[in-house]
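> coordinates only, sequence not included:
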């Protein structure tokens, strides 16, 4: 249906994204042709500009759309669209069982895959693997859209070499439904050159990142110079990102998003004293200490651009884009430092999102064995090293953690400082995956409201706002969820 259903549990941006996707796949929007502008789409579908922007941004990341500054947004090249057309048309045709899979309210169905694993079986194209984010994998498990590969995992000789925490998102009820490929870990990125200019150094004269939130406030104040447009700490107030900052601080104070009741139902836990303390700290960073950039409507890419250009001195982010900045000559590796997220009453507890491979659940035994052999080969330490070395020929490869404990990217790419790798490994040792439970994304969207409230209005009471949010989440989203 070519309209937004305001009664649907699916967010408006997701509904709009699916509408635009179908128009692209059906070639109602032709390749390399401009699509309607954001104001036109906002008016046509009766949604906000931010909703339209997010829908277009996600389609851009999927290569279905691309933007040209000053000209607009255009449909991707035919080969890119063909990849998605093959999945939309070919996979359900080969596997009609998928048509019976109904998304649970509050779940997300990942629609993209890695075409390098599209192979022919019995002369018919079929999707063998899908590469999915760990934050979505549980939805696949609930919907029966990924194979139980416990038998293969238990016999895999490399199983014990994988970081234990990377197994958590792929396991449910002692059964394995995926294989970890890599992990993106949230760290504190900081500009070493700005730290050194401000005299924030250790006894050896090197830039010294803050170890606690109290230290971060002190350091950020020294690095905030509004007269030249420089601010100590980058922060996005947009819904997709804002809860991530809150979770980082909440974990630092020992808090949790939800807790399990004795009757096995979930209940909000973020409105206790630890949650209030975390939200008050965000409020103080904005209004009391004034170390956050004034424009809170910037997305992560805009904040990263400000970081590269020296307008932001510290940024809470995964280091996955650093190679692009350096390879493009926008910044040098000597200017970038990596530190652990600041600690509070607890030690440094970071968060990671991993990517995993899942296998088509509708294969017969022989096909499943072939799929597993190929997947083992692709994810073997030897294959990972070869891909690193090949990427290194073109510059610094994408900086992410491999699944195996004994692999170290800095040993195979001399351009990557060993201290970066040491920080990433230390962060992963105590990191936790992003929270997940059915309807998590709805709770996350609701939780954005009190955080945005304290960011945009100075005299707001954190406890009151969190209590209002908790009431909505408990009654509307968590009440029906009982853990089995």
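Great, that's in hand. Source: prediction; values computed, not measured.
> could you pull up phi and psi at the spatially most central residue of the chain?
The centre of the chain sits closest to residue 353, judged by C-alpha atoms, centre = their mean, with a distance of 5.9 Å. Dihedral angles of residue 353 (phi, psi; degrees, to the nearest 10) stand at phi -120, psi 120.
> look at stretch 307-318 and report the distance between its end residues.
Taking C-alpha to C-alpha, to the nearest Å, stretch 307-318 runs 13 Å from one end to the other.
> avg pLDDT for the longest helix along the chain?
Using DSSP state H, we find that the single longest helix of the chain is helix 440-456. Across helix 440-456, pLDDT averages out at 93.
> could you pull out the buried residues of the helix or strand following it?
As assigned by DSSP states H and E, the chain's next helix or strand after helix 440-456 is helix 462-472. Using 16 or more other C-beta atoms under 10 Å as the test for burial, helix 462-472 gives 462, 465-466, 469-470, 472. Every residue, glycine included, has its C-beta placed from N, CA and C.
> so for helix 462-472, what's the average pLDDT?
Helix 462-472 carries an average pLDDT of 96.
> and it, how far out from the chain middle?
Put simply, helix 462-472 sits 25 Å off its chain's centre (C-alpha atoms, centre = their mean, to the nearest Å).
> could you give the angle of that helix to helix 440-456?
Orientation check (axes from the mean of the first three to the mean of the last three C-alpha atoms, to 10 degrees): helix 462-472 against helix 440-456 gives 160 degrees.
> helix 462-472 - contacts with which helices or strands?
Helices and strands touching helix 462-472, by 3 or more C-beta pairs under 8 Å, 6 or more residues apart in numbering; DSSP states H and E, are helix 273-283, helix 440-456.
> so after the helix or strand harbouring residue 221, what's the next helix or strand?
Using DSSP H and E, residue 221 sits within helix 213-223. As assigned by DSSP H and E, the chain's next helix or strand after helix 213-223 is strand 231-233.
> in the stretch 1-150 of the chain, what residue spans correspond to strands?
65-68, 72-75, 118-121, 124-127, 129-133 (DSSP state E, counting those that start in this stretch).
> list the contacts of the second one.
Taking C-beta atoms under 8 Å, 6 or more residues apart in numbering as the criterion, the residues outside strand 72-75 that touch it are 24, 29-35, 37-38, 56, 60, 64-68, 81.
> how about a cut-off of 6 Å?
For strand 72-75, contacts defined as C-beta atoms under 6 Å, 6 or more residues apart in numbering pick out 24, 29, 31-35, 56, 65-67.
> flag every buried residue along that strand.
Using 16+ other C-beta under 10 Å as the test for burial, strand 72-75 gives 73-75.
> can I get the residues you listed in JSON lines with pLDDT?
Compiled in JSON lines, those are given as follows (pLDDT from 0 to 100):
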{"residue": "73", "pLDDT": "92"}
{"residue": "74", "pLDDT": "90"}
{"residue": "75", "pLDDT": "90"}
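> turn those residues into JSON lines, including distance to residue 448.
Conversion of these to JSON lines gives the following (distance: C-beta to C-beta, whole Å):
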{"residue": "73", "distance to residue 448": "25"}
{"residue": "74", "distance to residue 448": "30"}
{"residue": "75", "distance to residue 448": "31"}
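> between the residues you listed, which is closest to residue 234?
Among the buried residues of strand 72-75, residue 73 lies closest to residue 234 (C-beta to C-beta), at 25.7 Å.
> look up how far residue 55 lies from the closest one.
Applying C-beta to C-beta, to the nearest Å, the value for residue 73 to residue 55 is 11 Å.
> find residues that contact each of these two.
With C-beta under 6 Å, 6+ apart as the test, residue 73 and residue 55 reach no residue in common.
> how about the helices in the stretch 351-484 of the chain?
Counting by DSSP state H, counting those that start in this stretch, the stretch 351-484 of the chain has helices at residues 365-378, 381-392, 409-412, 418-429, 440-456, 462-472.
> which secondary structure elements does the third one contact?
It stands for helix 409-412. Packing partners of helix 409-412 (3 or more C-beta pairs under 6 Å, 6 or more residues apart in numbering; DSSP states H and E): helix 381-392.
> picking that back up, the residue nearest to the centre of the chain is in contact with residue 185, isn't it?
No. Look at residue 353 against residue 185 with C-beta atoms under 6 Å: they stay out of range, at 8.5 Å.
> got the domain boundaries for this protein?
Structurally, the chain divides into domains by automatic domain parsing as follows: 12-80, 95-181+354-407, 187-349+437-478.
> same question for stretch 137-146, mean pLDDT?
Mean predicted lDDT for stretch 137-146 stands at 81.
> report the buried residues of that stretch.
Within stretch 137-146, the residues scored as buried using 16+ other C-beta under 10 Å are 137-141, 143, 145-146.
> endpoints of it, how far apart?
Across stretch 137-146, first to last residue, C-alpha to C-alpha, it's 9 Å.
> how far away from the center of its chain is it?
18 Å.
> ditto for stretch 239-258
14 Å.
> what does stretch 210-220 rub up against?
Contacts of stretch 210-220 (C-beta under 6 Å, 6+ apart): 200, 232-233, 289, 291, 342-344.
> can you check stretch 42-57 too?
Residues contacting stretch 42-57 (C-beta under 6 Å, 6+ apart): 4, 12-13, 16-17, 38, 41, 73.
> rerun that using 7 Å as the cut-off
3-4, 12-13, 16-17, 20, 38-39, 41, 65, 73, 240 (C-beta atoms under 7 Å, 6 or more residues apart in numbering).
> for residue 349, which non-adjacent residue is spatially closest?
Excluding its sequence neighbours, the residue lying closest to residue 349 (C-beta to C-beta, 6 or more residues apart in numbering) is residue 251, at 4.4 Å.
> from what I can see the one you found touches residue 345, true?
No. Assessed by C-beta atoms under 7 Å, residue 251 is found out of contact with residue 345, at 10.5 Å.
> who has more neighbours out of these two?
Remark: of residue 251 and residue 345, residue 251 carries more neighbours, 25 against 12, as counted by other C-beta atoms under 10 Å.
> could you measure from that one over to residue 162?
Taking C-beta to C-beta, one finds residue 251 at 23 Å from residue 162.
> same check on residue 67?
Using C-beta to C-beta, residue 67 is found at 38 Å from residue 162.
> can you give me the helices in the stretch 101-250 of the chain?
In the stretch 101-250 of the chain, the helices defined using DSSP H, counting those that start in this stretch lie at 134-142, 150-155, 164-167, 192-197, 213-223, 239-252.
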